[in-house]
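> Structure for the following, please:
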Amino acid sequence: MGTFGKIGEQDSYPANARRKKYPGSRITRNLPKGATIMSGKCTVLFFVLVSLMILPTIGAEKLLPPDTAWVEETLKGMSLEEKVGQMIITWYRPIASEQMVKEFHLGGFFVSRIDALSLARATNALQELSRIPLLFAADYESGIGDRSPGGTDFPSNMALGATGDPDLAYQCGRVTAIEARAVGVNYDFSPVVDVNVESANPIISTRSYGDDVALVSRMACAYIKGLQEHGVLATAKHFPGHGATRADSHRTMPVVLRDRDEIERVDLAPYAAAIKTADLASIMTAHLWMPALDPSPGPATVSPKVMTGLLRDHLGFKGLLVSDSYGMRGITDHYSDEDAAVLGVKAGLDIVLTPRVVQKAIKAILEAVERGEISTERIDLSVRRILAAKTRLGLHKQATVDVARVSELVGTPEHQAQAKEIARRAITIVKKGKGTLPLLPDRKYLVVNVSAQRAGWFSRVHEYFGDAMQGFHKGVEVKTLTANGDEDGRKKILSAAKEVDGIIVASFSWIQIEDDAAIKFVRDLLNLKKPLTLVSFGSPYVLLQIPEVDTFLCAYDRSLGSQVAVAEVLCGKRQAKGTLPVQFPGLFARGTGMRN
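Down below sits the predicted model:
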């Protein structure tokens with residue numbers, strides 16, 4: 001598959017999609033006056049050619065070699081307070097962040113939930129205020145669009161895994177880097193390289209490329225290269241591995257009881273590959289305990305055996321080591337803010353991420369240096385890495401961005417086309433029953449949107465799929481079963497289901513369907529003995545909860561592109577091409593993928 005996928009194809013978005021400007025999407029906003037989504041090959045190719053003519057200079061070059069002379073000269077002129085400040089990245093907050101730059105000389109800020117244009121202005125303002133250029137970090141795991149509205153929103157990593165195509169992972173990294181640098185973000189806390197071997201994993205799931213070590217390594221290395229060859233620091237996470245957990249480190253400290261050989265063979269392998277073949281710039285720690293790596297109870301983040309002995313000495317990692325958020329209970333339940341900061345630095349951290357109270361973290365590290373618990377040489381080692389990373393980004397020469405170019409570089413038609421191609425290539429038919437696919441034009445169908453999520457969140461996303469289905473098929477009726485839906489609503493849906501020829505149930509659960517009543521309701525629909533297709537716009541593991549469904553499709557993501565892509569497959573507009581990137585022992589093998 002080439003760089004841009006099949007972007008010259010006739011778009012098959014349903015006609016009624018033109019009536020709605022989907023939130024966070026530039027599909028309609030980018031079209032010239034009078035044009036429509038259905039304008040076909042010529043319009044799409046025109047946009048791509050225009051995009052190629054204005055390819056950005058911002059973020060278009062590889063990371064530079066470190067400027068050692070600048071690093072040493074800058075380090076020489078820094079006080080101990082300034083050095084320790086460089087080792088802290090905290091949340092961006094308007095006004096408060098300006099004061100923190102002046103008072104604490106911070107190394108950077110973590111940004112989220114701010115639109116692209118406002119973000120570019122904010123990063124510029126802080127860069128101009130800071131004597132030493134700043135790192136701006138973000139969790140752009142699936143493009144910048146989810147965290148910075150206006151940007152491109154890619155399908156999940158597991159959707160990329162379902163395509164099996166490292167070039168698509170590279171392109172995802174490339175586009176993310178171009179858009180991130182355009183808004184001033186230079187440090188991406190992605191990719192997730194956890195090998196998701198636990199179907200009930202409450203925090204990784206579709207953030208992972210899959211449960212196969214080789215697949216995760218291939219896709220992660222390609223994505224890392226896409227990011228770093230276009231000027232953004234990549235971060236593999238969550239070291240030493242979060243893929244086998246049944247607990248969420250935001251809420252508690254997971255304990256992973258695996259032996260050393262299995263950890264080396266599965267969890268550590270993607271890191272080893274990225275360090276060796278992709279020049280990995282950064283690694284993020286995990287607040288979990290692996291007794292096989294360090295028998296002393298406590299999160300790996302503060303373990304010298306894990307962070308220095310294993311990561312630095314054994315795996316040979318020389319880049320930036322950043323903690324996961326210091327506001328997570330995986331660490332706050334076990335240590336005070338002060339102790340956590342000191343123990344993290346002693347273990348090997350270069351950057352303490354989002355401590356709950358910045359002043360406490362800085363003061364604690366300074367006092368540890370003063371009493372000889374942490375040496376000044378240890379501080380200098382981390383600060384050299386941080387300053388070197390900033391020179392690799394070219395920030396010592398040009399730290400601000402051209403705000404006037406944000407609209408040219410962010411959420412462009414070419415970038416949106418790439419996201420759409422990934423969504424289409426990911427759709428996987430895991431199981432196909434007789435008479436379910438494709439939908440027949442002269443039959444009647446009921447689409448039932450089901451979610452275990454809160455109704456407020458759910459209501460923002462489910463409508464796209466229903467609109468797409470009705471745009472492609474005149475005989476489709478759409479009903480929505482919201483979380484904690486009332487019994488009267490369920491009865492009405494069951495009554496409507498009796499009058500149709502087939503049923504499509506759409507699940508929007510990220511992990512698994514948590515509402516037992518929703519699972520029972522799906523089984524009530526099955527009891528009507530109508531052909532039933534279950535679609536997951538999230539976790540593929542929902543099939544394990546209702547394995548008796550006739551047909552199962554997975555999109556791995558709830559984005560607009562993924563929802564339209566599923567509608568295309570169901571209505572026979574496109575072939576499903578994805579394969580299952582995880583295995584269901586005794587049911588379906590990894591690599592399963594049927595055609596419609």
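> In this structure V542 contacts E514, no?
No. With the criterion set as Cβ atoms under 8 Å, V542 and E514 do not qualify as a contacting pair; they are 10.4 Å apart. The way it works is simple: take the backbone N, C-alpha and C, and place the C-beta from them, glycine included.
> which intervals of the stretch 201-350 of the chain have sub-threshold pLDDT?
Along the stretch 201-350 of the chain, the model assigns pLDDT under 70 to no residue.
> ok, the residue lying farthest from the centre of the chain to L381 distance?
Of all residues in the chain, the one whose C-alpha sits farthest from the chain's mean C-alpha position, using Cα atoms, centre = their mean, is R371 at 41.2 Å. Applying Cβ to Cβ, to the nearest Å, one obtains 19 Å for the distance of R371 from L381.
> all helices of the stretch 301-450 of the chain, in order?
304, 329-332, 337-347, 358-370, 376-392, 406-409, 413-426 (DSSP state H, counting those that start in this stretch).
> just those helices: most buried one?
Of all the helices of the stretch 301-450 of the chain, helix 413-426 carries the top mean neighbour count, a mean of 25, counting by mean count of other Cβ atoms under 10 Å.
> Can I get it in PDB? Just the C-alpha atoms.
Written as PDB, here are the backbone C-alpha positions of helix 413-426 (Å, rounded to 0.1, in the frame of the first residue of the first chain):
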ATOM      1  CA  PRO A 413      -7.700  16.400   3.400                       C
ATOM      2  CA  GLU A 414      -4.600  14.200   2.800                       C
ATOM      3  CA  HIS A 415      -4.300  13.400   6.500                       C
ATOM      4  CA  GLN A 416      -8.000  12.700   6.800                       C
ATOM      5  CA  ALA A 417      -7.800  10.400   3.800                       C
ATOM      6  CA  GLN A 418      -5.000   8.500   5.500                       C
ATOM      7  CA  ALA A 419      -7.100   8.000   8.700                       C
ATOM      8  CA  LYS A 420     -10.100   6.900   6.600                       C
ATOM      9  CA  GLU A 421      -7.900   4.300   4.800                       C
ATOM     10  CA  ILE A 422      -6.700   2.800   8.000                       C
ATOM     11  CA  ALA A 423     -10.300   2.600   9.300                       C
ATOM     12  CA  ARG A 424     -11.400   0.800   6.200                       C
ATOM     13  CA  ARG A 425      -8.500  -1.600   6.100                       C
ATOM     14  CA  ALA A 426      -9.100  -2.500   9.800                       C
END
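> who's L233 bridged to?
L233 forms beta bridges with Y187, as assigned by DSSP bridges.
> That one reaches L320, doesn't it?
Yes. With contact taken as Cβ under 8 Å, L233 and L320 are classed as touching, separated by 7.2 Å.
> Have a look at the two and say which one is more surrounded.
The residue with more neighbours, out of L233 and L320 and counting by other Cβ atoms under 10 Å, is L233; that gives 27 against 22.
> Quick one: residues contacting that one.
Under the criterion of Cβ atoms under 8 Å, 6 or more residues apart in numbering, the contact list for L233 reads 63, 135, 186-188, 227, 281-282, 320, 389, 392-393.
> Can you tell me which of those are classed as buried?
The neighbour-count criterion (16 or more other Cβ atoms under 10 Å) marks 63, 135, 186-188, 227, 281-282, 320, 389, 392-393 among the contacts of L233 as buried.
> can you redo these as TSV with distance to S112?
What follows is the buried ones among the contacts of L233, written out as TSV (distance: Cβ to Cβ, whole Å):
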residue	distance to S112
L63	24
L135	15
N186	15
Y187	13
D188	12
L227	18
A281	20
S282	18
L320	20
A389	21
R392	24
L393	20
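> how about the helices of the stretch 51-200 of the chain, start to end?
68-76, 80-86, 96-104, 116-129, 157-163, 166-182.
> Next one, pLDDT for the most centrally placed residue in the chain please.
Residue closest to the mean C-alpha point of the chain, counted by Cα atoms, centre = their mean, is E141 at 2.3 Å. Each residue has a pLDDT score; the one for E141 is 97.
> Quick check, Y271 in contact with I283.
Yes. Assessed by Cβ under 8 Å, Y271 is found in contact with I283 at 6.8 Å.
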